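Chemist: Quick one, fold the following:
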Amino acid sequence: MKAIVIGATGTLGSAVVNKLEESGYQVTGASRSSDASVNIEDEDSVKALLDHTGKVDAIVCAAGTAAFGELDKLTDKEFDLSYKNKLMGQIKLLQKGLSYLNPGGTILLTGGIFAYKPMPGSAAIAMVNAALEGFVRAAALETDNRKKVIVIHPPLVAETAEKMGLDPAPFLTAREVSDAYLEAIKNGKSGVPFFAKNNTP
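Modeler: Numbers count the residues shown, from 1 in each chain. Sure, this is the predicted structure:
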């Protein structure tokens with residue numbers, strides 16, 4: 001089985017790569033800084049990656065940037081970044097990726113639990129996460145029923161929480177959350193959002 005993981009050098013993305021490889025996938029890990037370079041805001045870059053890998057059984061996006069900040073201080077530039085990168089970047093990836101997906105395969109996009117459980121400072125992130133779910137729910141209605149399109153809503157992982165100055169103890173680690181990515185690929189239902197265990201809305 002072959003998979004692409006975009007965002008493969010990030011905290012969560014690298015854990016997902018390891019999880020899939022442990023489960024028998026031949027993984028192409030891609031990011032802005034990896035040998036298999038990709039920028040999800042650049043459609044030509046995405047197509048070049050897909051052309052390079054050819055047909056695959058799973059396309060996972062663990063990439064996507066959205067702004068974190070107080071509502072009255074968020075700028076148009078920060079909203080544009082959130083929209084163009086995490087939302088439209090993944091939407092275009094799904095559109096292009098479907099034709100490279102083998103029957104029985106899965107495209108798994110990453111939203112986030114802030115769509116359901118926002119915290120102060122998460123307005124822009126919650127916006128794109130919720131929009132991404134709406135898109136995937138609708139896209140599933142127009143997708144070949146032999147292929148699955150799913151949005152997963154991971155929690156804030158312990159490693160990221162610690163970098164934000166929060167106590168990491170209450171949070172799942174990236175490795176623990178990577179279990180949910182594998183489970184979504186194996187048993188998730190097309191168009192139905194997927195959540196890490198102990199983190200459902």
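Chemist: where do the strands sit along this structure?
Modeler: 2-6, 26-31, 36-37, 56-61, 101-110, 148-153, 194-195 (DSSP state E).
Chemist: you'd agree E21 is up against G29?
Modeler: No - using Cβ atoms under 8 Å, E21 makes no contact with G29, being 9.2 Å away. In short, each C-beta sits where N, CA and C put it, glycine included.
Chemist: So, low pLDDT: which residues of this protein?
Modeler: Residues of the chain meeting the criterion pLDDT under 70: 198, 200.
Chemist: what residue lies at the spatial centre of it?
Modeler: By Cα atoms, centre = their mean, the chain has its centre lying nearest to T110, at 2.4 Å.
Chemist: residues in contact with it?
Modeler: G7, L12, V60, C61, A62, A63, G64, Q90, V151, I152, P154 (Cβ atoms under 8 Å, 6 or more residues apart in numbering).
Chemist: partner residues bridging it?
Modeler: Note on T110: beta-bridge partners by DSSP bridges are I152.
Chemist: closest to L166 out of the strands of the chain?
Modeler: Nearest to L166 among the strands of the chain is strand 148-153 (18.9 Å), distances taken as Cβ to Cβ.
Chemist: Next up, the contacts around A131.
Modeler: L87.
Chemist: Sorry, slip of the keys, the one I care about is Y116.
Modeler: Contacts of Y116 (Cβ under 8 Å, 6+ apart): H153, P201.
Chemist: what's the answer for the one 5 residues further on, then?
Modeler: The neighbours of G121, taking Cβ under 8 Å, 6+ apart as the test, are F68, G69, E70.
Chemist: cool, and N199?
Modeler: I113, H153, P154, P155, L172 are the contacts of N199 under Cβ under 8 Å, 6+ apart.
Chemist: S31 now?
Modeler: Going by Cβ under 8 Å, 6+ apart, S31 touches I6, G7, A8, T9, G10, G13, S37, V38, A63.
Chemist: what distance separates stretch 85-99 from the centre of its chain?
Modeler: Centroid separation for stretch 85-99 versus its chain: 10 Å, with Cα atoms, centre = their mean, to the nearest Å.
Chemist: in this protein, what residue sits furthest out from the centroid?
Modeler: Extreme point of the chain relative to centroid (Cα atoms, centre = their mean) is D72; 27.4 Å.
Chemist: Report the separation between that one and V149.
Modeler: 36 Å (Cβ to Cβ, to the nearest Å).
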